[in-house]
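S.K.: sequence first, predicted coordinates after that:
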Amino acid sequence: MSSRYLSAAGICAVLLAAGCQREKRDLRPAPTRLAILGTAARESSLQPGGPQVSLEPVNPAEGNAYSISEGERLFNAYNCSGCHSHGGGGIGPPLIKDVWIYGNDPANLFDTIVKGRPNGMPSWGGRLPEYQIWQIVTYIRSLNNLEPKAATPARTDSIEQNSHTLTPTGTKP
């Protein structure tokens, strides 16, 4: 009789595990092409040659916690924080603000990273794969609370050093 309960419990466990919704993490997005899109964000609706079909790029990393975390890692690895000082601004403009010169839509941020901007922002379009740029865009938008709260990590994924260590006598050094 206990084997009957054990098999019923096993079936319930399998059904519960199958019913869990996990976040999909695409660790190696395909294709890995360099971002050299010339029309990422439209600057004007007037285009030569008649009506154009607008292909507004869609951020594949939007609302994804892993992409926000990877975007933060890439932001620091590519030394974006050297100019933007972790979003607060420095040599470059602050990324934590309400009004943006070129817009804060994902397509505009993507366009800024790919093409660069006058007076300081370099072009990264021929150097970074498209999926990494989208991850950085998602991280920047999370700084301004433009990404869902459920996807925005409450803490960083890096190990923090404890600066409040005590000496063996119980006092601070």
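M.R.: Alright, I've got the coordinates. Note that this is a predicted model, so its numbers are computed, not measured.
S.K.: mind checking which helix or strand of this protein has the lowest mean pLDDT?
M.R.: helix 2-19 (a mean of 73; mean pLDDT, DSSP states H and E).
S.K.: any idea which helix or strand comes after that helix?
M.R.: Sequence-wise, the next helix or strand downstream of helix 2-19 (DSSP states H and E) is helix 65-77.
S.K.: what are the buried residues along that next one?
M.R.: When burial is assessed from 16 or more other Cβ atoms under 10 Å, helix 65-77 yields the following buried residues: 65-75. Yep, even glycine has a C-beta here, placed from its N, CA and C like the rest.
S.K.: what would those look like in JSON lines with distance to Val58 and pLDDT?
M.R.: Output for the buried residues of helix 65-77, formatted as JSON lines (distance: Cβ to Cβ, whole Å; pLDDT from 0 to 100):
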{"residue": "Ala65", "distance to Val58": "18", "pLDDT": "88"}
{"residue": "Tyr66", "distance to Val58": "18", "pLDDT": "89"}
{"residue": "Ser67", "distance to Val58": "13", "pLDDT": "90"}
{"residue": "Ile68", "distance to Val58": "17", "pLDDT": "90"}
{"residue": "Ser69", "distance to Val58": "21", "pLDDT": "89"}
{"residue": "Glu70", "distance to Val58": "18", "pLDDT": "92"}
{"residue": "Gly71", "distance to Val58": "16", "pLDDT": "92"}
{"residue": "Glu72", "distance to Val58": "22", "pLDDT": "91"}
{"residue": "Arg73", "distance to Val58": "23", "pLDDT": "93"}
{"residue": "Leu74", "distance to Val58": "20", "pLDDT": "94"}
{"residue": "Phe75", "distance to Val58": "21", "pLDDT": "94"}
